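Asker: here is my input; please provide its structure:
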Amino acid sequence: QVQLVESGGGLVQAGGSLTLSCAANGFSLSNYVMAWLRQAPGKGREFVAAITWRAGITTYSDAVKGRFTISKVDANNTVVLRMNSLKPADTADYYCARKTDDYGDDAQVSQYDYWGQGTQVTVSS
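Answerer: Just a heads-up that it's a prediction; the model follows:
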């Protein structure tokens, strides 16, 4: 059974940092791209960052490039998102998701076939 379980959300002041983690189980991660996506109140889901499990290649949205870092821990099948210099505009529910590693566009939200339940991040001004 596929499981993606996020943790690490919370409330932080602008300029602060948070680290999100996603524990993945029930499938072979080597065939997938793992990503973080987010949904702000009243908006659609938005790509944040992705990492290919096999090669460790990363992709970031322009909105977070230079501030967020995605990484993986092979030993325990965990995807980590380190978020620095947080802004109120980063306030959203953050989701961990997977897509097949087919060398396609990892920023396409519709390509992700399995999502976790999400964790809330609130950045106060």
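Asker: which residue is nearest the centroid of this structure?
Answerer: Centroid-nearest residue in the chain, with CA atoms, centre = their mean: Trp36, separated by 1.6 Å.
Asker: the nearest residue to Thr58 once chain neighbours are set aside bridge partners, please.
Answerer: Nearest non-adjacent residue to Thr58, counting by CB to CB, 6 or more residues apart in numbering: Ile51, 5.0 Å away. The way it works is simple: take the backbone N, C-alpha and C, and place the C-beta from them, glycine included. On the basis of DSSP bridges, Ile51 is bridged to Met34, Thr58.
Asker: pull the contacting residues for Ile51.
Answerer: Val33, Met34, Ala35, Ile57, Thr58, Thr59, Ile70, Ser71, Lys72, Val79 (CB atoms under 8 Å, 6 or more residues apart in numbering).
Asker: which of those are buried?
Answerer: Among the contacts of Ile51, those scoring as buried are Val33, Met34, Ala35, Thr58, Thr59, Ile70, Lys72, Val79 (criterion: 16 or more other CB atoms under 10 Å).
Asker: hang on, the second one packs against Ala50?
Answerer: Think Met34. Yes - counting by CB atoms under 8 Å, Met34 touches Ala50, with 6.8 Å between them.
Asker: hmm, what's the outermost residue in the protein?
Answerer: Distance to centre of the chain, CA atoms, centre = their mean, peaks at Ser125 (22.7 Å).
Asker: could you find the closest non-adjacent residue to that one?
Answerer: Pro88 (4.8 Å).
Asker: remind me which helix or strand Thr69 belongs to.
Answerer: strand 68-73 (DSSP states H and E).
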